[in-house]
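Enquirer: Next input, structure requested:
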Amino acid sequence: MIAVTWCRARGAVDPTVTSREGTTVPAQNPQPDQTPQPDQTPHPTRRAVLRGAAAGGAGILFGSHVLGSVAAHADTADAPEYDVVVVGAGAAGMTAALTAAKRGLSTLVVEKAAKFGGSAARSGAGIWIPNNQVILAAGVPDTPAKAAAYLAAVVGNEVPADRRAAFLGSGPAMISFVMRNSPLRFRFMEGYSDYYPELPGGMPNGRSIEPDMFDGKLLGAELANLNPAYIPVPNGQVVYSGDYKWLNLALVNAKGAALALETYTRWSQAVTQGKKPLTMGQSLAGALRAGLLQAGVPVWLNSPLIDLRVDGGRVTGVLVTRNGTQTLVKARYGVVVGSGGFEHNASMRRQYQRQPIGTDWTVGADSNTGDGIEAGLEVGAAVALMDDAWWGPAIPLPGEPYFCLAERTLPGSIIVNRQGARFVNEAAPYSDVVHVMYDKNPTAPCIPSWMVIDQNYRNRYLFKDIAPTLDFPRSWYDSGAVVKSWSISGLATAMGVPGAALQSTISRFNGFARAGKDLDFKRGDSAYDHYYTDPIIKPNSCLAPLWLPPYYAFKIVPGDLGTKGGMVTDASARVLTTGRAVIPGLYAAGNASAAVMGHSYAGAGSTIGPAMTFAYIAANHIADNR
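Expert: Residues are numbered from 1 along each chain as shown. A predicted model of the protein is given here:
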């Protein structure tokens, strides 16, 4: 047993943790490489405000705080009790809950938001799980040895080998489990390359899968509680993530045109069969929720986590706000935190991440404010990777940022810094592009950068949801996210970059495009670079000259799909202290935990795949050790 000594107020005295061997180690947070900047002033957390200042009465220990009469009233014999309490109703939380329920454990899910699904419901829902039954059935020549070699090459020693092995070993079983125990089905995203296919074990044709179509009517009334998609599929179409590549090319590519028609046929067939067709993140979240309905697992919406309950050094429940009242829920065997990252917590982003950073550049769910991570910190959890996120270049459009995938890769586009110079392979994995933006920004300002295209590009390709040849909405120009000019010099003036430098950069790039070889940044050298490109363009489908006015430039900022730092966990998804002792009863998965991908990104779905896998691992560990 591990004995935990807690402090009266966060930050006043560091808790200490006594390991099984009897060694006392400090549990300081943040870790040395994540120390807040000295000029930052601590602010009360949202959870601290929710606690209020109840006075009098016998207190109960929650996290590092002794709560007063409100909590004491909640700690009664009739407080609801479950074998497992899961915090968060995203892909991680719902997978954990489904696994626990199917292992015979009474399970409750508490969700902060008014909708279930979290960021997963908003996403394209790619899932990176090597050797799963879906890709093997599709003929993908994957093996455990190839997958292990590739993940080791991508991640390096940054993540313990046993965690990498746990992910690779349990991932295929997780996919098979959810297919047996929910309506969730998958399809192979053929051709969507691993992000570093040239590394040992890499797959140029990809390993990623995505959800197949799900009938939303199976959710009944719960369909109204599904978190909306980031970019909704147009009415009358059934679109998969794997279609996006070809739909971008529908005006200039026969396969793209045929696929565009097929999306309407799919919809018509589904509706004729009386279905409400859902795909991508809507399918993933909806099908998992349907599995919970079938398993009889309750999901409390509008029930934010306030604190973790600790008894004798063990996490034994949660305190949530429900119907305006602080409610204690006891957990006999364990609490699984799957509450997402902290992308919408400005204070945490200032504390842990490089500047400039903003909560208005992320496409993660609005409810992701780090509540689960903060609760873990208060019971002595170690954190890691807090400086990082699932980055991607984003255009700060009015209302919501747009996360760029195909647009920066298609031929006839470049990204330049504020000196008018290229600085990165625009077609590289999106997380890498933003890492370069931050690395180079101090000496050659790259935040914001600008993506430049010409009218030839605009005439050929879909941009976000704007059809080719059509001008962009007036609001895009009014917000400053887009500028336009009939000359390179005029465009440079609108961008605020040196005109001669921009002209020189475009001239040099055009030479590379005609030759088919990017001598500066090797755009097109990797098989991954070509996924979102135009196969008609020769000799390099990544490269085409910019020559036809008018010209457009889009402001580029460091966007993200969510943060990737969180509580440190072991191979069983148990939360650890900074001394690497286990905190009994506490598990974490998804973006509330430090990513098994480290600072890298193996392929499409490296967020959701590990999130679901470690949620599955956590629930099975609880069931095996109850």
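Enquirer: what comes up buried for stretch 153-164?
Expert: Using 16 or more other C-beta atoms under 10 Å as the test for burial, stretch 153-164 gives A153, V154, V155, E158, V159, R163, R164. No exception for glycine: its C-beta is placed from N, CA and C like everyone else's.
Enquirer: what about the stretch 1-150 of the chain, any weak spots by pLDDT?
Expert: Applying pLDDT under 70 to the stretch 1-150 of the chain picks out residues 1-77.
Enquirer: so what's G358 scoring on pLDDT?
Expert: G358 carries a pLDDT value of 87.
Enquirer: Please list all residues in contact with it.
Expert: Shown in contact with G358 (C-beta atoms under 8 Å, 6 or more residues apart in numbering): A346, R349, V557.
Enquirer: for A97, same thing?
Expert: V84, V86, T107, L108, V109, L292, V297, V299, V336, A619.
Enquirer: Doesn't the fifth one lie inside a strand?
Expert: Yes: if the criterion is DSSP: H, G, I helix; E, B strand; the rest coil, then V109 is within a strand.
Enquirer: quick one: contacts for it?
Expert: Listed by C-beta under 8 Å, 6+ apart, the contact partners of V109 are 85-89, 93-94, 97, 292, 297-300.
Enquirer: Out of these, who's the most crowded?
Expert: When neighbours are taken as other C-beta atoms under 10 Å, the top entry among the contacts of V109 is V86 (37 neighbours).
Enquirer: So what does that residue look like in phi/psi?
Expert: Main-chain dihedrals, V86, degrees, to the nearest 10: phi -110, psi 130.
Enquirer: Would you format the contacts of V109 as TSV with distance to N323 included?
Expert: Formatted as TSV, those follow (distance: C-beta to C-beta, whole Å):
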residue	distance to N323
V85	17
V86	19
V87	18
G88	19
A89	17
G93	21
M94	22
A97	21
L292	21
V297	20
P298	14
V299	15
W300	10
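Enquirer: Can you select the buried ones among the contacts of G358 for me in ChimeraX?
Expert: For the buried members of the contacts of G358, the matching ChimeraX selection, counting by 16+ other C-beta under 10 Å, is:
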select :349,557
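Enquirer: I'd like the contacts of G358 as CSV, with pLDDT, secondary structure and distance to S572 appended.
Expert: Shown next, in CSV, are the contacts of G358 (pLDDT from 0 to 100; DSSP: H, G, I helix; E, B strand; the rest coil; distance: C-beta to C-beta, whole Å):
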residue, pLDDT, secondary structure, distance to S572
A346, 97, helix, 33
R349, 97, helix, 30
V557, 98, strand, 38
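Enquirer: which one's the longest helix in this structure?
Expert: Taking DSSP state H as the criterion, the chain has its longest helix at helix 161-181.
Enquirer: Run through who's touching that helix.
Expert: The contact list for helix 161-181, computed with C-beta under 8 Å, 6+ apart, reads 95, 98-99, 102, 127, 129-134, 144, 147-148, 151-152, 155, 184-186, 209, 288, 291, 294-295, 569-572, 596, 609-610, 612-614, 616-617, 620.
Enquirer: ditto for stretch 496-513
Expert: Around stretch 496-513, the neighbours that count as contacts under C-beta under 8 Å, 6+ apart are 411, 414, 416-422, 450, 452, 488-489, 491-493, 495, 518-520, 540, 543-547.
Enquirer: of those residues, buried ones?
Expert: If you count burial by 16+ other C-beta under 10 Å, the buried members of the contacts of stretch 496-513 come out as 411, 414, 416-418, 420-422, 450, 452, 488, 491-492, 495, 518, 540, 543-546.
Enquirer: And the helices in the stretch 351-500 of the chain, which stretches?
Expert: In the stretch 351-500 of the chain, the helices defined using DSSP state H, counting those that start in this stretch lie at 371-378, 430-440, 455-460, 474-478, 488-495, 499-515.
Enquirer: still on that earlier bit, show only the entries of the buried ones among the contacts of stretch 496-513 found in strands.
Expert: I414, V416, W450, V452 (DSSP state E).
Enquirer: Once you drop chain neighbours, what's closest to the third one?
Expert: Distances taken as C-beta to C-beta, 6 or more residues apart in numbering put A553 closest to W450, at 4.5 Å, once the chain neighbours are dropped.
Enquirer: neighbours around that neighbour, how many?
Expert: Neighbour number of A553 under other C-beta under 10 Å is 25.
Enquirer: helix, strand or coil for it?
Expert: Counting by three-state DSSP, the backbone at A553 sits in strand.
Enquirer: which residues does it form a beta bridge with?
Expert: Residues in a beta bridge with A553, per DSSP bridges, are V452, V483.
Enquirer: right, and it touches G480 too?
Expert: No: with contacts counted by C-beta atoms under 8 Å, A553 stays clear of G480, the gap being 10.6 Å.
Enquirer: Let me see the contact set for N132.
Expert: Going by C-beta under 8 Å, 6+ apart, N132 touches G171, P172, I175, S176, F186, I209.
Enquirer: Give me the phi and psi angles of it.
Expert: For N132, the backbone dihedrals (degrees, to the nearest 10) come out as phi -80, psi 160.
Enquirer: how close does the closest residue to V140 other than its chain neighbours get to E158?
Expert: Once flanking residues are discounted, V140 sits nearest to R207: 6.5 Å by C-beta to C-beta, 6+ apart. Distance of R207 to E158, given as C-beta to C-beta, to the nearest Å: 21 Å.
Enquirer: okay, now L184: neighbour count?
Expert: 22.
Enquirer: try N620
Expert: N620 has 21 neighbours, counted by other C-beta under 10 Å.
Enquirer: now it, nearest residue through space, not along the chain?
Expert: Distances taken as C-beta to C-beta, 6+ apart put T99 closest to N620, at 6.2 Å, once the chain neighbours are dropped.
Enquirer: That neighbour should be in a strand, yeah?
Expert: No: counting by three-state DSSP, T99 is not found in a strand; it is helix.
Enquirer: Helix, strand, or coil at Y333?
Expert: What three-state DSSP gives for Y333 is strand.
Enquirer: I'd say it and E81 touch.
Expert: No: the criterion here is C-beta under 8 Å, and Y333 misses it with E81 at 10.6 Å.
Enquirer: so how far is R332 from S431?
Expert: Note on S431: its distance to R332, by C-beta to C-beta, is 39 Å.
Enquirer: Which one of the two is surrounded by more residues?
Expert: Shown here are S431 and R332; by other C-beta under 10 Å, S431 has more neighbours (23 against 16).
Enquirer: How about P80: what's its closest non-neighbour residue?
Expert: Per C-beta to C-beta, 6+ apart, closest to P80 is V329, 5.2 Å.
Enquirer: Tell me both backbone torsions, phi and psi, for that neighbour.
Expert: When read as degrees, to the nearest 10, the backbone of V329 gives phi -120, psi 120.
Enquirer: surely it meets V85?
Expert: Yes: here V329 reaches V85: they are 5.5 Å apart, a contact under C-beta under 8 Å.
Enquirer: so what's in contact with the two at the same time?
Expert: Common contacts of V329 and V85, defined by C-beta under 8 Å, 6+ apart, comprise L108, V110, G317, V318.
Enquirer: so what's the second one up against?
Expert: V110 makes contact with V85, V86, V87, G88, W300, S303, L305, V318, V320, R322, V329, according to C-beta under 8 Å, 6+ apart.
Enquirer: Nice, that's everything, thank you.
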